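**Student:** I would like the atomic coordinates for the input below:
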Amino acid sequence: MANPPKELLDLLKPYDRGIQELAIALRQLVLEEMAPCCEYILEVYIVSLLYGPTHRMKDGVCHIGVIKDHVNLGFIRGSELADPERILEGTGKQMRHIKIRNMSDLFRPAIRAYLQEACERAGYEVATEKEKTVTTVVKRKSLPKRTVGTTRV
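**Tutor:** Next up is the predicted model:
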C-alpha cells in the first residue's frame, strides 16, 4: 500500500478515526485502479483528492471528498456512466458521486467497475506494464501549492 503523504494525514486529523480510515482505504483503491496518475489534494470546505493524468482540474477523472460522516467517490463526468447498480447520486449536468459510509460499501465490486468505466470514458488508459506511481501535489487553505513527490503504489 502506498503510504499517504503526511500532509494528507494532517488534513484528516479533524475527522473521526473511522472516516480517516475510510478515506485512506478509498484512496488506495483509486490508486490501484488508476496508477500511474496524478493526485491533487486540496483543502477547501472539505478535504478533496482529485485524480487524473495531470494535476489540472479539467483533466480530472474522479475525486474523493471527505465529509463529516462519510466519504464521496465523485466522477467528473458521472452523468455519462452506466449505473446498473443504481448507486450514483447527483442531479447536475455532469458530476455524480457514490456515498461510502463504511468498509462494506467500499468493497462492493461495483466501485472498481465504475472507476474503470470512468477512466475509459475519459480516455485515460491505465498502463499495466508501467510502474505504479502517484505524483502528489498538496494545496492547503493558506499555504502555497507544493509538490510532495512521487510514490510507488
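
**Student:** which residues sit against stretch 107-121?
**Tutor:** By CB atoms under 8 Å, 6 or more residues apart in numbering, the surrounding residues in contact with stretch 107-121 are 29-30, 33-34, 61-62, 73, 75-78, 80-82, 84-85, 87-88, 98, 100, 105, 125-126. In short, each C-beta sits where N, CA and C put it, glycine included.

**Student:** 6 Å - rerun?
**Tutor:** By CB atoms under 6 Å, 6 or more residues apart in numbering, the surrounding residues in contact with stretch 107-121 are E33, V61, C62, F75, E80, L81, E85, V126.

**Student:** need the buried ones from these selected in ChimeraX.
**Tutor:** A single ChimeraX command selects the buried members of the contacts of stretch 107-121 (16 or more other CB atoms under 10 Å):
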select :33,61,62,75,81,126
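
**Student:** what's the closest of the contacts of stretch 107-121 to K93?
**Tutor:** E80 (10.7 Å; CB to CB).

**Student:** got a list of what the closest one touches?
**Tutor:** Contacts of E80 were listed using CB under 6 Å, 6+ apart, and they are R121.

**Student:** report pLDDT for it.
**Tutor:** pLDDT for E80: 95.

**Student:** ok, the contacts of stretch 107-121 vs V138, which is closest?
**Tutor:** The closest of those, once distances to V138 are taken by CB to CB, is C62, at 18.0 Å.

**Student:** residue contacts, that closest one?
**Tutor:** Contacts of C62 by CB under 6 Å, 6+ apart are Y51, F75, A118.

**Student:** 8 Å instead?
**Tutor:** V30, M34, L50, Y51, G52, L73, G74, F75, I76, L115, A118 are the contacts of C62 under CB under 8 Å, 6+ apart.

**Student:** may I see the buried residues of the helix or strand containing the first one?
**Tutor:** If you go by DSSP states H and E, V30 is part of helix 17-34. Using 16+ other CB under 10 Å as the test for burial, helix 17-34 gives 19-20, 22-31, 33-34.

**Student:** what angle sits between the helix or strand following that helix and helix 17-34?
**Tutor:** Later in the chain than helix 17-34, the nearest helix or strand by DSSP H and E is strand 37-43. If you take axes from the mean of the first three to the mean of the last three CA atoms, to 10 degrees, strand 37-43 sits at 150 degrees to helix 17-34.

**Student:** reformat the contacts of stretch 107-121 as TSV; add secondary structure.
**Tutor:** Below are the contacts of stretch 107-121 laid out as TSV (DSSP: H, G, I helix; E, B strand; the rest coil):
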residue	secondary structure
E33	helix
V61	coil
C62	strand
F75	strand
E80	helix
L81	coil
E85	coil
V126	coil
